[in-house]
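> here's a sequence, model it:
(one chain, ligands or ions: 1)
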Amino acid sequence: MGDKREEGLSALLHETRTFPPTDEMVKRANAGPGIYDEANADPLAFWASQAEYLTWDTPWTETLEWNPPFAKWFVGGKLNVAVNCVDRHVEAGLGARVAFHWEGEPGDTRTITYDDLLKSVCQAANGLTELGVRAGDKVAIYMPMIPETVVAMLACARLGAPHTVVFGGFSSDALRGRILDCDAHFVITADGGYRRGVASPLKAAVDEAVAECPDVEKVLVVQRTGQEVDWSEGRDVWWHDMVSRQPEHHEAEAFDAEHPLYIMYTSGTTAQPKGILHTSGGYLTHVAATHRLIFDIKPEEDVFWTAADIGWVTGHSYIVYGPLANCTTSVMYEGTPDTPARDRWWQIIEKYKVNILYTAPTTIRTFMKWGEDLPAAHDLSSLRLLGSVGEPINPEAWIWYRTHIGREQCPIVDTWWQTETGGILITPLPGITATKPGAAMTPFPGISVDIIDNEGNSVGNDEGGYLVITQPWPGMLRGIWGDDERYKETYWSRFPGKYFAGDGAKRDQDGDIWLLGRVDDVMNISGHRISTTEIEHALVSHPAVAEAAVVGASDATTGQAIVAFVTVKGAGTEGAPDGEEFVAELRDHVAHEIGPIAKPRQIMLTPELPKTRSGKIMRRLLRDVAEHRDLGDVTTLLDPSVVNAIKVRMSDGAEDKE
Ligand code: WT7
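Numbers count the residues shown, from 1 in each chain. Purely as a prediction, here's the structure:
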């Protein structure tokens, strides 16, 4: 397996196939050929010209104020993000345009026009005001993929109340940690949401979380599934009682360009997730510009679909803020691709005549496994552009996507970015870039990146190194909530003056950029970022566990998979927990602590972990074991026999697979 991976990697870096844009794309693309030169000549002027697409109540006086590593964009400018996403389109006479074709998992649908959205957002803003929400208050949102989630976010933005959306698949513990970290006094949730035909108990998780959050004043609850919920009189409020009776008009206030818009928690190399702070004017400029130019959006005719959850940054930037700022019609789907059948996505594309699809490589690989007959049975001829995000896309998946979904015609944009970057930074541009399967290609206009070695020197073509961003950009994080030191330390200290992304990268012989995966203890499971340390922490919090080491092993479908090595207290002695049942208990424990996405694929119980003489766990060796590779140098180990014992156990099949 190890050898195969190396082969794959070297093949990937010698990719010679290129796919130039079609004549039609060249003719119609929003991004014209001069865009790179224009942006290179004066990046700040380029970004200022992009900011002009927004509607400002007060114009900015300075495009960028840069006190490294703290940036202020569009200084002195004032705007309201929700007005930019909704009101101004209605005022321009576009109120009848559909904002969302929403599709519930059980098959119920809703069509929401910009007129509808404006009314709902105004009502929600009035409702939140009645509950006591004021500018600057933090609001936690823990919701399924329903229209009210977008409405709740926009209502917060309208009031200048930063939201923190917590993915509905996270546990009550994870939700509580986030509520406490950002000091949210308000929570918006639903009774439940549908996933794989089952109504998940969201309200119950909120009750559990909030039981230990004494400062939470109100919980606003949308009725989605109609399931039984516990009710806390005085604290809990039904959305349909309180929001629906509000006036449909709300006077919006303009906020400073640097007013906080949202906090999104993401995993890093420590056990505690980081609250990534995004602000208003620069962020909206960045997501609107990238959305318009990379996805080549023609809002008057296109149907756009980012098939991701709003609980992740992809949903924030390319379901909510970017598309709405551009007055786009989007599809929003509540459930999973296999419910009720494995062709659900292709049905949706056929039904709404989707033109642009944006999804993750892990999903594409799943579709590959399910076979091309499923998409072939549907009319996908409306598609004209495909996007990929979340992890490196392997050339096979890229070609499959192009062939079986894109009729060998659709350009593919492989977009690299992070929660921290706010929007896309490295990507081809349709109509300009000749793409290569597996490469993210080129920095977006106005973005400066480099690939450097340990000493901070630029490496040559065909040499791997660390990806850094060398100039500030408008959508960049403004900090880690409440922890400026951690912000400096995490992103700006390894290479002073440069933003360290945590990814390895390489330029090929043509100078095109390939992403090579994380270089830190962060795993990428199905395009979701998960920290090894966080899972180790969760495992050790189980009373029977003495020590745990977690690694990401390569996985054909999910990119990486979580493999944990665990020693229990009193290992080897009589009565020490062992066996399949105990392993299952540990996996459930992790799901309970963090969420089902963090469940290890395998847990190996082992009497000892391989350690260096100084006591450091040798994760590199464990990764080799997990990927069935030959073990390299083990001479620095305190006891080399430990790792061999683990290896033998592993190949004996003493492992737990789902
Ligand atoms: C990490 C960021 C950005 C939205 C989804 C994930 C990896 C993301 C690509 C890509 C190779 C990619 C990186 C990055 N990543 N897009 N196109 N090619 N790798 O956001 O959870 O903040 O994770 O995802 O490793 O650092 P996130």
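> give me the secondary structure label for the residue of the stretch 101-250 of the chain found nearest the ligand.
Going by C-beta to the nearest ligand atom, the ligand is nearest to residue 167 of the stretch 101-250 of the chain, at 10.6 Å. Glycine gets a C-beta too; all of them are placed from N, C-alpha and C. Assigned by DSSP: H, G, I helix; E, B strand; the rest coil, the conformation of residue 167 is coil.
> contacting residues around it?
309, 311-312, 595 (C-beta atoms under 8 Å, 6 or more residues apart in numbering).
> go again using 10 Å as the cut-off
Contact partners of residue 167, counting by C-beta atoms under 10 Å, 6 or more residues apart in numbering, are 142-143, 174-175, 264-265, 309-312, 315, 528, 595, 597.
> do residue 239 as well
Contacts of residue 239 (C-beta under 10 Å, 6+ apart): 123-124, 127, 148, 151-152, 188-190, 220-224.
> 7 Å instead, please
By C-beta atoms under 7 Å, 6 or more residues apart in numbering, the residues touching residue 239 are 148, 220-223.
> residues in contact with residue 536?
Here residue 536 is in contact with 548-550 (C-beta under 7 Å, 6+ apart).
> er, residue 142 I mean
166, 168, 175, 187, 189, 202, 206.
> contacts for the host helix or strand of residue 38, please.
Applying DSSP states H and E as the criterion places residue 38 in helix 35-41. The contact list for helix 35-41, computed with C-beta under 7 Å, 6+ apart, reads 46, 445-446.
> so residue 237 belongs to a helix, correct?
No: read with three-state DSSP, residue 237 is strand and lies in no helix.
> who's it bridged to?
residue 220 (DSSP bridges).
> state the distance from the residue nearest to residue 431 when sequence neighbours are not counted to residue 366.
Leaving aside its sequence neighbours, residue 431 sits nearest to residue 29 (C-beta to C-beta, 6 or more residues apart in numbering; 2.5 Å). When C-beta to C-beta, to the nearest Å is applied, the distance between residue 29 and residue 366 equals 30 Å.
> what's the answer for residue 93, then?
Residue 93 is 42 Å from residue 366, by C-beta to C-beta.
> more crowded one of these two?
residue 366 (17 against 8; other C-beta atoms under 10 Å).
> determine which two of the contacts of residue 142 are furthest apart.
The widest separation within those, taken as C-beta to C-beta, falls between 168 and 187 and amounts to 12.7 Å.
> let me know the next secondary structure element after the helix ranked longest in the chain.
Scanning the chain for the helix with the most residues, using DSSP state H, yields helix 114-131. Using DSSP H and E, the helix or strand that follows helix 114-131 in sequence is strand 139-142.
> strands along the stretch 301-450 of the chain, start to end?
303-306, 329-333, 356-359, 385-389, 412-415, 449-452 (DSSP state E, counting those that start in this stretch).
> any chance you could list what contacts the second one?
Meaning strand 329-333. 97-103, 145, 302-305, 307, 319, 323, 348, 352, 354.
> switch the cut-off to 8 Å
97-103, 105, 145, 147, 150, 299, 302-307, 319, 323, 344-345, 348, 352, 354.
> before we move on, the earlier item: just the mean pLDDT for the longest helix of the chain, thanks.
In this model, helix 114-131 has an average pLDDT of 98.
> and that helix with strand 329-333, angle?
On the basis of axes from the mean of the first three to the mean of the last three C-alpha atoms, to 10 degrees, helix 114-131 is oriented at 60 degrees to strand 329-333.
> buried residues in helix 114-131?
For helix 114-131, burial by neighbour count (16 or more other C-beta atoms under 10 Å) applies to 114-129, 131.
> other SSEs contacting that helix?
strand 98-103, helix 147-159, strand 218-222, helix 239-242 (3 or more C-beta pairs under 8 Å, 6 or more residues apart in numbering; DSSP states H and E).
> do that again at 6 Å, thanks
helix 147-159 (3 or more C-beta pairs under 6 Å, 6 or more residues apart in numbering; DSSP states H and E).
> contacts for the helix it packs on next, please.
Applying C-beta atoms under 6 Å, 6 or more residues apart in numbering, the contact partners of helix 147-159 are 81-82, 102, 112, 120-121, 124-125, 128, 133, 139, 141, 143, 163, 188, 222, 252, 310, 320.
> in contact with the closest residue to the ligand within the stretch 151-300 of the chain, which residues?
As assessed by C-beta to the nearest ligand atom, the ligand sits closest to residue 266 within the stretch 151-300 of the chain, at 5.2 Å. For residue 266, the contacting residues are 274, 276, 419, 529, by C-beta under 6 Å, 6+ apart.
> what about 7 Å?
Contacts of residue 266 by C-beta under 7 Å, 6+ apart are 273-274, 276, 419, 529.
> among those, which one lies nearest to residue 377?
For these, the nearest to residue 377 is residue 529 (34.4 Å; C-beta to C-beta).
> ok and the residue in the stretch 351-500 of the chain nearest the ligand?
residue 419 (3.4 Å).
> what's near enough to touch that residue?
Residue 419 neighbours (C-beta under 7 Å, 6+ apart): 264, 266, 276, 313.
> distance check, it against residue 564.
Taking C-beta to C-beta, one finds residue 419 at 24 Å from residue 564.
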